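>>> Fold the following.
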Amino acid sequence: MTFVPMSLLYYSNVSIKHLTLQSYFYQAPLLRRIQQHNEIELSALGMAITIVVTIVEILKNNGLATEEISTSTVGMKYENKGRLVQKAKIEIVLGKSEKFDYLMTAVAAAAPEQANDEKVDQQ
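Predicted coordinates:
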């Protein structure tokens, strides 16, 4: 069973925290969020930044999204050591591209055709 954070399901502000999930697990829920809200904000700290950047680049290269990027550092206090550590933070605002609706319609139309082709191959 795959764990998908609740923020991917309901909100337009998404924090990517789980390094155990591959970037493709995030793509479909994020596309649904963009479709509903027209714009979503992705944020990540530390090592999760690479997942966010990968997701954004895939969506951007496929012509589905446009982005605005901001970076900063955040002070975090470790509970066991009690010291303040600076971590990198990235915030990316993804919006619909001009071709978003056209591409999503084309993908939805192609899905039943692929299902029919698979049924023929199985027989």
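
>>> what about the helices in this structure?
6-10, 24-37, 49-61, 100-122 (DSSP state H).

>>> avg pLDDT for the third one?
Rounded to a whole number, the mean pLDDT of helix 49-61 is 88.

>>> Run the angle between it and helix 24-37 for me.
With axes from the mean of the first three to the mean of the last three Cα atoms, to 10 degrees applied, the angle from helix 49-61 to helix 24-37 works out at 60 degrees.

>>> got the contact list for helix 49-61?
The contact list for helix 49-61 (Cβ atoms under 8 Å, 6 or more residues apart in numbering) reads 16, 19, 21, 23, 26-27, 30-31, 42-44, 65-67, 88, 90, 92, 94. The C-beta positions use only the backbone N, C-alpha and C, and glycine is treated the same way.

>>> In it, which residues are buried?
Ile49, Ile51, Val52, Val53, Ile55, Val56, Leu59 (16 or more other Cβ atoms under 10 Å).

>>> Just name the closest of those to Glu79, please.
Of all the buried residues of helix 49-61, Glu79 sits closest to Ile49, with 22.4 Å by Cβ to Cβ.

>>> pull the helix or strand with minimum mean pLDDT from this structure.
helix 6-10 (a mean of 47; mean pLDDT, DSSP states H and E).
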